[in-house]
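>>> model this:
(one chain, ligands or ions: 1)
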Amino acid sequence: MIKFENVSVLYPGTTKPAIQNVNVSFQKGEFVCVLGKSGAGKSTFIRCINGLQPVTEGSVKWDDKSLSEMTHKENLEVRRKTGMIFQHFNLIPRMSVVQNILTGLFGYKKSYENLLGLFNSSDRMTAIEAINQVELTVEPTRRVEKLSGGQKQRVAIARALVQNPKVFLGDEPVASLDPGTAERIFYLLKETHNKRNLVSIINVHDVVLAKKFATRIIALKEGKLVFDGIPEEFDEKMFAEIYNY
Ligand SMILES: Nc1ncnc2c1ncn2[C@@H]1O[C@H](COP(=O)(O)OP(=O)(O)OP(=O)(O)O)[C@@H](O)[C@H]1O
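Numbers count the residues shown, from 1 in each chain. Below you'll find the model as predicted:
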């Protein structure tokens, strides 16, 4: 469904590619964790998947069509099909839980409706359903700045869910959370993934979480894909190789 063909990304003003000659593909149902040291290229890799980061060489294809050959409308559709969650949640702190979740519907609205913040009762129902799905037990009208990290990430997942995504991308979604909360968020991600039969590709520093939840692990080192296999194959030798221990 998603295919990287010889993908490299070189940031302007740098001489070493952030990711280099990456060839990999992902199918529906795969829950993939991406491992690698800080600076290994994980964020760059994740952002290439839906075109947030343009590639310098090679191509990223969705169902055999390269992102760079898609029309503007097709690119928007790719973005809409991709739910993204981040380490720092990327929520609007002074807005309420439900307002933040409703922003996930922007991709389905005309631009003037976005500007006016127009949402109908069916939109609100969709947001409430998402709140229930992520088992968020706070008042929907509460400002997100008042929530804990785990609650904020649940809001962010709910926002991604209302997009009705086919793909879930996570850029260190649990890096700011304590270990117990991190595991509960991973559990929620996996459960949602299974229910909706998504492709999920998630950067994570915690190898234990990756091994516990992933159906497949890939690892990057200095921008190169150096491991691609099932969690059982990611052994101590590989761990030492990736993290230079
Ligand atoms: N906008 C940018 N301009 C220049 N260099 C960049 C930019 N973004 C990332 N880089 C560089 O590209 C390389 C890969 O960075 P990236 O953020 O993808 O790695 P990462 O594995 O996600 O790291 P971390 O775990 O610290 O977030 C690093 O050397 C980084 O300094």
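>>> Only the buried residues of stretch 214-226, if you could.
For stretch 214-226, a neighbour-count test (16 or more other Cβ atoms under 10 Å) marks 214, 216, 217, 218, 219, 220, 221, 223, 225, 226 as buried. In short, each C-beta sits where N, CA and C put it, glycine included.
>>> For the nearest residue to the last one once chain neighbours are set aside, pull up the helix or strand it's in.
Closest residue to residue 226 in three dimensions, ignoring its sequence neighbours and counting by Cβ to Cβ, 6 or more residues apart in numbering: residue 219, at 5.5 Å. Under the criterion of DSSP states H and E, residue 219 resides in strand 216-221.
>>> How about the residues of this protein by the ligand?
Residues of the chain lying near the ligand by Cβ under 6 Å from any ligand atom: 11, 14, 18, 36, 38, 39, 40, 41, 42, 43, 44.
>>> Now a PyMOL select for only the buried ones of the residues you listed.
With 16+ other Cβ under 10 Å as the criterion, this PyMOL line picks the buried residues out of the residues of the chain next to the ligand:
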select buried, resi 18+36+40+41+42+43+44
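>>> of all the residues of the chain next to the ligand, which comes closest to residue 138?
Nearest to residue 138, judged by Cβ to Cβ, of the residues of the chain next to the ligand is residue 43 at 29.2 Å.
>>> ok, now which ones touch that closest one?
Taking Cβ atoms under 8 Å, 6 or more residues apart in numbering, we find residue 43 in contact with 171, 172, 203.
>>> average pLDDT for the strand or helix carrying it?
For residue 43, the host element (DSSP H and E) is helix 42-49. Mean pLDDT, helix 42-49: 97.
>>> ditto for stretch 132-152
The model assigns stretch 132-152 a mean pLDDT of 95.
>>> buried residues in that stretch?
133, 134, 136, 138, 140, 143, 144, 147, 149, 150, 151, 152.
>>> Then stretch 99-118?
99, 100, 101, 102, 103, 104, 105, 107, 109.
>>> Reformat those as CSV; add pLDDT, secondary structure and distance to residue 159.
Listed next are those as CSV, based on pLDDT from 0 to 100; DSSP: H, G, I helix; E, B strand; the rest coil; distance: Cβ to Cβ, whole Å:
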residue, pLDDT, secondary structure, distance to residue 159
99, 92, helix, 10
100, 95, helix, 6
101, 95, helix, 5
102, 92, helix, 8
103, 90, helix, 6
104, 90, helix, 4
105, 87, helix, 9
107, 76, helix, 11
109, 72, coil, 14
